[in-house]
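[1] below are the sequence and a predicted model; questions follow.
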Amino acid sequence: MPVLAVFLGLAGGAIVIVISNAASGRGFDLLLPLRAYASMLTGAVTGVDELVRTMSEATPLILAGLSVAVGFKAGLFNIGANGQFLMGALGAGAVGAAVAGWTPWLAIPIALAGGMFFGALYGFIPGALKAWTGAHEVVTTIMLNFIAAALVAFLVTGPLLAPGFSFARTGDVGNAAFPAIGNVAASGHIGILVAFAAVPIIYWLLNRSVLGFEIRMVGANPSAARYAGINPGRLVILTMSLAGMLAGMAGAGQVLGITHFVSASFSTAAGFDAITIALLGRVHPVGVLFAALLFGVMRAGSALMQIQVRVPVEIIDVIQAVILLFLTAEILVRWIFRVRVERAGLEELKTITKTYGQATR
Amino acid sequence: MEVVFEIPVIGLILQFVAYLVQVMPSLAPIILGISVPIAFGALCGVMNERSGVVNIGIEGMMLMSAFFGFIAAGFTAEVIGEQVIGPFSATVPLLLGVLVALATAMLLSVLHAWLCISVRADQIISGVIINLLAFGLTGYLNRIFISPNPGLGGGTFSSFHPPSWLVDIPLVGWLFSMFLEHGPISMTLIVFVIGLQILLFRSRWGLRTRAVGEHPRAADTLGIDVFRLRYRNVILGGVFAGLAGAYLTLEQVGAFQNGMTVGRGFIALACVIFGRWTPIGAFGAALLFAGTAVFGRAVNITPPTGNLAPLGDFLSSIPQQFYGVLPYVVTIIILAGVVGRSIPPAADGRPYEKEGQAA
């Protein structure tokens, strides 16, 4: 089913490429999408540097995807991974700059923890709002995304501004930077390993721990969980903080591994990719890993695609939306392929809409 | 007055109120202008949620219709020119742009309605699909069609200027400038707000819509076609999202930028809740949000002076970025403050299944 959705997503993207190319007067070319996807693949997987770049593009997507997936498990829709990502980046940038002169053995974990802490804090806010007041996380997390972008601009041009640069940015993270893996130009870093390690840890947490059991129970049926003696409010806060921590980790990895500082215009789309990734991975950590790798391929290869065949990189966002459409409407997939597909059966999703506009208590 | 203003804390609040009374009349038209896309988005939300469908995709509908309205107006203007044919310096390209914007939003509404009502997919995911599709497609097409043609555009509708004797009427004159000093889309807003309020609570259609949103099974038993009414309301609601989008590119700015809706569609959802699922309430909430958005500008242009000076010092010491995020902060505070106490339509967000229909 996810494979079919990806295939249909690429097909949808192909239709958009062909039509827009013809409408903009560059001619009707049915093979253009194939060439676009071929050069995307070339830019992503042919050669060691390309593979490392794909991995490093996938790294924040794995962590942000896990963030959204953890939320889904508890029946929470974390659209705020973007904001949590930014806060994690800011936290890691600020703490990293402060400990830049320390030994890497101390500086790296402290800066990473700083990013995770601020991400968790930023996930805690919508969690607490939902648990205590019933404000639905779908709207509050989106509002917090905008607020996070403004906070980055404010703090980087104000309190965290590093002197002596031609543009507004924070100080260099120095020794807190992640050691590079492979060729420096390919921007590989040990954060890739951190993200891969997070997959089994989150799997264990969700499927083998008491907390994970409670999270899944609240997601499947909040009232039943309450009768079983679980406090759904506490779980909502914990889950959102955990989701925020994972997204914050993604942001921290981006700063400590690649940029080494935060500029005033630092931004990301990882949080939105993460929604598709979590659903494409069927809200399972291993599924999220594969979905994130797929998106890593697309993100890493799209630059070459834009240069070689002049198809804008934004086509990925279109493909992503179409994938999500077919994942949601599996009835369409059945109809197109004339096959019986098992129902997506993500029971947790029903909880999300049911609680919209209502208090969870 | 000055004595009152010097009371600690309360004095500052009173100064604040006095300041609002002083500046609001001159800001009123600006506030209404800013509230237009939010209020239209909220009307779309009211139409949807009253019939039992949650619509998170208003933001994306707005963005898509803003884009396609702009593109249609721009390319038509290149072909047939911009001959003014009516009031508000209306041109054929502009009118065509509005129609395309409405059609765009209605098409997306058909998709949303189909996913929510027929497929019975998750309604919030359906909205997210529309948002992602809108951001992706407009970003992609922007690169292909607008970036290579920097001169593209069909202009904007011009504003009506009420005669000065009307605006100069003491006490109420500013209300005329608030509602009349606008282009055509903004001016129709208040008509739609009042019209929808009356229809929703005083007409047969309104009663049926509310029944379908509260208790679809009961409505079905009484012979109302739940699916058909929900389809119709969701698609008609799309008209409002389309007007919001058309306002952005064809009346307010006259240009398209990626993500130019900057969360207005989501603020509109908060307005729906704050306005307790009524058109007039949602409009009031939209005015409140617009007020918070304008407030920072007011502090910059006409800072409180005279015996309001202490307040002025306080307000101008707050960084400008804070005023920029004020609408988002207020959205969160309002959601946190009123959700527990406001009751949405009972069937909001729940797909309807006919009895005996396989789940």
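    That came in fine, so what should we check first?
[2] what sits against residue A:223?
    Residues near residue A:223 by C-beta atoms under 8 Å, 6 or more residues apart in numbering or on different chains: none. In short, each C-beta sits where N, CA and C put it, glycine included.
[3] put the alpha carbons of whichever strand or helix holds it into PDB.
    If you go by DSSP states H and E, residue A:223 is part of helix A:222-227. Written as PDB, here are the backbone C-alpha positions of helix A:222-227 (Å, rounded to 0.1, in the frame of the first residue of the first chain):
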ATOM      1  CA  PRO A 222      -8.900   8.000  25.800                       C
ATOM      2  CA  SER A 223     -12.000   7.100  27.800                       C
ATOM      3  CA  ALA A 224     -10.900   3.400  28.200                       C
ATOM      4  CA  ALA A 225      -7.500   4.600  29.200                       C
ATOM      5  CA  ARG A 226      -9.000   6.800  31.900                       C
ATOM      6  CA  TYR A 227     -11.000   3.900  33.300                       C
END
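[4] next SSE downstream of that helix?
    Of the helices and strands lying after helix A:222-227 in sequence (DSSP H and E), the nearest is helix A:232-254.
[5] for that following helix, what is the average pLDDT?
    Averaging pLDDT along helix A:232-254 gives 93.
[6] report the buried residues of it.
    Using 16 or more other C-beta atoms under 10 Å in any protein chain shown as the test for burial, helix A:232-254 gives A:232-233, A:235-254.
[7] show me the shaky parts of chain A.
    A:184-186, A:331-361 (pLDDT under 70).
[8] who are the contact partners of residue 66?
    All of this refers to chain A. Contacts of residue A:66 by C-beta under 8 Å, 6+ apart are A:198, A:199, A:202, A:246, A:278, A:285, A:288.
[9] right idea, wrong chain: chain B
    Counting by C-beta under 8 Å, 6+ apart, residue B:66 touches B:101, B:245, B:246, B:248, B:249, B:256, B:260, B:261.
[10] between the two ends of stretch B:242-255, how far is it?
    Using C-alpha to C-alpha, to the nearest Å, the end-to-end distance of stretch B:242-255 comes to 16 Å.
[11] buried residues in that stretch?
    Quick answer for stretch B:242-255 (16+ other C-beta under 10 Å): B:242, B:243, B:244, B:245, B:246, B:247, B:248, B:249, B:250, B:251, B:252, B:254.
[12] and for stretch B:157-172?
    B:157, B:159, B:162, B:167.
[13] how many neighbours does the closest residue to the first one other than its chain neighbours have?
    In this case it means residue B:157. Nearest non-adjacent residue to residue B:157, counting by C-beta to C-beta, 6 or more residues apart in numbering or on different chains: residue B:183, 3.9 Å away. By other C-beta atoms under 10 Å in any protein chain shown, 22 other residues sit near residue B:183.
[14] how about the helices in the stretch 201-350 of chain A?
    A:210-220, A:222-227, A:232-254, A:270-280, A:285-309, A:315-328, A:330-337, A:347-354 (DSSP state H, counting those that start in this stretch).
[15] can you add distance to residue A:104 and give those helices back as a markdown table?
    Below are the helices of the stretch 201-350 of chain A laid out as a markdown table (distance: least, C-beta to C-beta, whole Å):
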| stretch | distance to residue A:104 |
| --- | --- |
| helix A:210-220 | 32 |
| helix A:222-227 | 44 |
| helix A:232-254 | 15 |
| helix A:270-280 | 26 |
| helix A:285-309 | 26 |
| helix A:315-328 | 35 |
| helix A:330-337 | 48 |
| helix A:347-354 | 40 |
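[16] residue A:88: what's it in contact with?
    Counted by C-beta under 8 Å, 6+ apart, residue A:88 has contacts A:115, A:116, A:118, A:119, A:122, A:247, A:248, A:249, A:250, A:251, A:252.
[17] for the nearest residue to residue A:253 once chain neighbours are set aside, give me its contacts.
    Leaving aside its sequence neighbours, residue A:253 sits nearest to residue A:191 (C-beta to C-beta, 6+ apart; 3.6 Å). By C-beta under 8 Å, 6+ apart, the contact list for residue A:191 reads A:56, A:59, A:178, A:253, A:254, A:256, A:257.
[18] check the residues you listed and tell me the two furthest apart.
    Using C-beta to C-beta, the two most remote members of those are A:56 and A:256, lying 12.2 Å apart.
[19] mutual contacts of those two, please.
    By C-beta under 8 Å, 6+ apart, the residues touching both residue A:56 and residue A:256 are A:189, A:191.
[20] circling back: out of the buried residues of stretch B:242-255, which is nearest to residue B:153?
    residue B:254 (5.7 Å).
[21] gap between that closest one and residue B:183?
    From residue B:254 across to residue B:183, the span is 11 Å (C-beta to C-beta, to the nearest Å).
[22] ends of stretch A:251-260, what's the gap?
    In stretch A:251-260, first residue to last residue: 11 Å (C-alpha to C-alpha).
[23] give me the contact list for it.
    Against stretch A:251-260 from outside (C-beta under 8 Å, 6+ apart): A:56, A:59-60, A:63, A:84-93, A:96, A:108, A:111-112, A:114-116, A:119, A:172-173, A:176-178, A:187, A:189-191, A:194-195, A:261-262, A:266, A:268.
[24] re the thing from before, return the member of the contacts of residue B:66 nearest to chain A.
    Nearest to chain A, judged by C-beta to the nearest C-beta, of those is residue B:261 at 11.4 Å.
[25] angles on the backbone of the closest one, please.
    For residue B:261, the backbone dihedrals (degrees, to the nearest 10) come out as phi -80, psi -20.
[26] which residues touch the nearest residue to residue B:266 once chain neighbours are set aside?
    With sequence-adjacent residues excluded and distances taken as C-beta to C-beta, 6+ apart, residue B:266 is closest to residue A:142, at 4.8 Å. Shown in contact with residue A:142 (C-beta under 8 Å, 6+ apart): A:79, A:80, B:263, B:266.
[27] and residue A:142, what helix or strand is that in?
    Per DSSP H and E: helix A:137-157 holds residue A:142.
[28] how far off centre is that helix?
    Relative to its parent chain, helix A:137-157 has a centroid offset of 16 Å by C-alpha atoms, centre = their mean, to the nearest Å.
[29] leaving out sequence neighbours, find the closest residue to whatever residue of the stretch 1-150 of chain B ends up closest to chain A.
    Per C-beta to the nearest C-beta, residue B:136 is where the stretch 1-150 of chain B lies closest to chain A, at 2.8 Å. Distances taken as C-beta to C-beta, 6+ apart place residue A:317 nearest to residue B:136, at 2.8 Å, with adjacent residues excluded.
[30] can you pull out the helices in the stretch 1-150 of chain B?
    B:2-5, B:10-50, B:58-80, B:92-113, B:123-141.
[31] okay if I get those helices as JSON lines plus mean pLDDT?
    Formatted as JSON lines, the helices of the stretch 1-150 of chain B follow (pLDDT from 0 to 100):
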{"stretch": "helix B:2-5", "mean pLDDT": "66"}
{"stretch": "helix B:10-50", "mean pLDDT": "86"}
{"stretch": "helix B:58-80", "mean pLDDT": "93"}
{"stretch": "helix B:92-113", "mean pLDDT": "94"}
{"stretch": "helix B:123-141", "mean pLDDT": "90"}
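[32] so which of those helices gets nearest residue A:212?
    helix B:123-141 (23.1 Å).
[33] tell me what the closest one is packed against?
    helix A:2-23, helix A:270-280, helix A:315-328, helix A:347-354, helix B:58-80, helix B:92-113 (3 or more C-beta pairs under 8 Å, 6 or more residues apart in numbering or on different chains; DSSP states H and E).
[34] ok, and which of those helices has the densest surroundings?
    Across these, the average number of neighbours (mean count of other C-beta atoms under 10 Å in any protein chain shown) peaks for helix A:270-280, which reaches a mean of 28.
[35] got the buried residues for the host helix or strand of residue A:38?
    In the assignment (DSSP H and E), residue A:38 maps to helix A:32-45. Within helix A:32-45, the residues that qualify as buried are A:32, A:33, A:36, A:37, A:39, A:40, A:41, A:43, A:44, counting by 16+ other C-beta under 10 Å.
[36] contacts (any at all) between chain B and it?
    No. Applying C-beta under 8 Å from any C-beta of the partner chain, one finds helix A:32-45 separated from chain B by no less than 11.9 Å.
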